[in-house]
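Q: Okay, here's the prediction I keep looking at, along with the sequence it came from:
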Amino acid sequence: MQKPNERLKGQTAIVTGSSTGIGAAVALALGRDGANVVVNYHSSEKEAQEVANQINKETICGEAIVIQCDVSKEDQVQAMFKQTIEKFGTVDILVANSGLQKDAPLHEMTLKDWQLVIDVNLTGQFLCAREALREFMRRGIREGVSKSLGKIIHMSSVHQIIPWAGHTNYAASKGALVMLMESICQEYAPLKVRCNSIAPGAIKTDINRDAWETQEALNKLNELIPYKRIGIPEDIGSVAAWLASDESEYINGTTIFVDGGMTCYPGFTENG
């Protein structure tokens, strides 16, 4: 477990989709570093409350609350930010993590499943980033709290650069996130907003249980990972906490791949 410290003391973070998996690990990491944390969920209220309870038990100076929100719905995103600001005074950190998959061969993919993935994985990140920017600009720099006006961290994927047959809607949403993130940086960095992405590789979560649950499946997966181990959610949480802190203040408009080397295309180690 990450050792608690106070590098995010006095700051408030919204982590979307943080009731389980990567989002939960990010919420816990930010809480352990002293931030107030909004644990957002869509339908897993019990799990979200368990994450918040754990943060409240372990944190040294922050507080966690739970807020339900479908990030693809503009009014719900605005309500989540309003509730957060009423409780904690402002928002300093957004981790736009919510995402889902609806997989099918492209010729069999329904418009409904295409639109759902784009709505959550891309439009949801736009809506949350927009509200975060509005709040950052409303309140201004918080001297002595953070050197940045605000921090936005988009949760992307190695599939922002690696094509993924059978998952076209998912890969398309993650590829588009690159331009969303970089455009936000280009536009708002002069105001001292920092906007970056984290791109996980294969991470041990329920969404990909079939890929690691048996030793045979895990061995096959590890062929794609030069480091020869599947990632765990805490690998992402630790990077997110650091990226939200002033320790990474000069990092802006970039993607940090947390993938054990998956984007180095290990299939080509023997000339393809």
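A: Perfect, I can see it now. Numbers count the residues shown, from 1 in each chain.
Q: Burial check on the closest residue to residue 222 other than its chain neighbours, number of neighbours?
A: The shortest distance from residue 222 to any non-neighbouring residue, by Cβ to Cβ, 6 or more residues apart in numbering, is to residue 228 (5.1 Å). The way it works is simple: take the backbone N, C-alpha and C, and place the C-beta from them, glycine included. The tally of other residues near residue 228 (other Cβ atoms under 10 Å) stands at 11.
Q: Checking residue 228 next. Helix, strand or coil?
A: Secondary structure for residue 228, judged by DSSP: H, G, I helix; E, B strand; the rest coil, is coil.
Q: likewise residue 196?
A: Assigned by three-state DSSP, the conformation of residue 196 is strand.
Q: what pairs with residue 15 across the strands?
A: Residue 15 has these beta-bridge partners by DSSP bridges: residue 39, residue 95.
Q: going forward can the numbers begin at 13, since that is how I track them
A: I'll keep to 13 as the first residue from here, and by that count the last item is residue 27.
Q: quick one: it and residue 53 touch, right?
A: No. With contact defined as Cβ atoms under 8 Å, residue 27 does not count as touching residue 53 (10.2 Å).
Q: For these two, indicate the residue with more neighbours.
A: Between residue 27 and residue 53, residue 27 has the larger neighbour count (other Cβ under 10 Å), namely 33 against 25.
Q: show me what contacts that one?
A: Counting by Cβ atoms under 8 Å, 6 or more residues apart in numbering, residue 27 touches 35, 38, 39, 42, 49, 50, 51, 52, 107, 109.
Q: Number of residues surrounding the last one?
A: So that's residue 109. Residues near residue 109, counting by other Cβ under 10 Å, number 28.
Q: Check the second one too.
A: Neighbourhood size, residue 38 [other Cβ under 10 Å]: 30.
Q: tell me which residues in whichever strand or helix holds it are buried?
A: For residue 38, the element it lies in under DSSP states H and E is helix 33-44. Buried positions in helix 33-44, judged by neighbour count with 16 or more other Cβ atoms under 10 Å: 33, 34, 35, 36, 37, 38, 39, 40, 41, 42, 43, 44.
Q: same deal with stretch 57-73?
A: Buried residues in stretch 57-73, counted by 16+ other Cβ under 10 Å: 59, 60, 61, 62, 63, 64, 66, 67, 71.
Q: cool, and stretch 273-284?
A: 274, 275, 278.
Q: That one: how far from the chain's middle?
A: How far stretch 273-284 lies from its chain's middle: 26 Å, per Cα atoms, centre = their mean, to the nearest Å.
Q: Quick check, residue 188 in contact with residue 138.
A: No. Applying Cβ under 8 Å as the test, residue 188 and residue 138 come out as separate, 9.5 Å apart.
Q: hang on, the earlier thing: who does the helix holding residue 38 touch, helix- and strand-wise?
A: strand 24-27, strand 48-53, helix 57-70, strand 105-108, strand 162-167, helix 245-256 (3 or more Cβ pairs under 8 Å, 6 or more residues apart in numbering; DSSP states H and E).
Q: do you know which of these lies nearest residue 224?
A: helix 245-256 (12.8 Å; Cβ to Cβ).
Q: Now pLDDT too, for the buried residues of stretch 57-73, in CSV please.
A: CSV is the format used below for the buried residues of stretch 57-73 (pLDDT from 0 to 100):
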residue, pLDDT
59, 97
60, 98
61, 98
62, 98
63, 98
64, 98
66, 97
67, 96
71, 80
